[in-house]
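Asker: Predicted model and sequence below, questions to follow.
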Amino acid sequence: MVKKTAKAKAAMANRGTFESKHTNFGKPISTLVARAVAPYSAASARCTKVWADTLFDCVPPSYAVRYQELQDKLAAAIEADDYRSCAELAETLTKALRLMSKKARDDGFKPPQVDGHIVEWGEKIYCFLASGDVGALRKQRPSWYIYPMSDICAVLSVRTDEMMAAVTNEFPKARITEVRLFDDEINFGVE
C-alpha cells in the first residue's frame, strides 16, 4: 500500500469544494446565471477593446453613476443566484454601453487609437502595442499596463515556449487562463 503525502490528503479532503481566489464571488456561479450574463460580458469585453477605461471620462457623470449602480445590482443578483434579474440587468447594462458609446462619440470624443490590442484582465487594462511610441503612450495612459509585442514575445519565449508548444500540439484550442509562479521546493544545495 502506498502512503499518501500530506498534499494528496489535503487535495482529497478539499475535492469538490469551490476555491474563490479567482473571483469576487464566494460561491460558484450557476449555469443559468452564467448564461444570463454572458451577452453582457461579451459586450463589455468588446467595449473595453474599443474604449479601454476611457469611456466613463467621456460621458456625463450621471451616466457613469447609473452604470455603476446597475453593475452593483448585477453583482448582488449573481450572488443571490437570481438568473432572471441577472438577465434583465445584463440586457440593461449592454444597452447602457451602447448608449454611452454613442453619447461619447456624439459629444466629439474618440476612443484611444493604438496599433495593437487593448484587453481588460483582472480589472486591469493591458495594451499590447504592435507599433508606436511606448513611452508617449505610457505617459498618456499611466493606469494602463503597456507592453510592446516584442517584450511579450521575449517573456513568453523564456517562460512557456516548449510547454505551450507541447500543449497546443495536443490541444489546438488550449488557452492560458492563469499563470502561477512557484518556488522550487527542491534544495539542490546551491546557495
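Answerer: Yep, that arrived. Residues are numbered from 1 along each chain as shown.
Asker: Only the C-alpha atoms, please, for stretch 161-177, written as CSV.
Answerer: Provided in CSV are the C-alpha atoms of stretch 161-177 (Å, rounded to 0.1, in the frame of the first residue of the first chain):
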residue,chain,number,x,y,z
ASP,A,161,7.6,28.2,-25.4
GLU,A,162,8.3,24.4,-25.0
MET,A,163,5.4,23.8,-22.7
MET,A,164,2.8,25.7,-24.8
ALA,A,165,4.0,24.1,-28.0
ALA,A,166,3.5,20.7,-26.5
VAL,A,167,0.1,21.6,-25.1
THR,A,168,-1.2,23.3,-28.2
ASN,A,169,0.0,20.4,-30.4
GLU,A,170,-2.2,18.1,-28.4
PHE,A,171,-5.0,20.6,-27.7
PRO,A,172,-5.1,23.1,-30.5
LYS,A,173,-7.8,25.2,-28.8
ALA,A,174,-6.0,25.5,-25.5
ARG,A,175,-5.7,28.9,-23.9
ILE,A,176,-3.8,30.3,-21.0
THR,A,177,-6.2,31.2,-18.2
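Asker: I figured Thr48 hits His117, correct?
Answerer: No: using CB atoms under 8 Å, Thr48 makes no contact with His117, being 10.5 Å away. (Each C-beta comes from the backbone N, C-alpha and C, glycine too.)
Asker: more neighbours, these two?
Answerer: Neighbour totals were compared for Thr48 and His117, and Thr48 leads with 17 against 12 (other CB atoms under 10 Å).
Asker: And the strands in this structure?
Answerer: 115-121, 124-131, 145-148 (DSSP state E).
Asker: TSV for those, including distance to Ala6?
Answerer: Shown next, in TSV, are those (distance: least, CB to CB, whole Å):
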stretch	distance to Ala6
strand 115-121	33
strand 124-131	35
strand 145-148	37
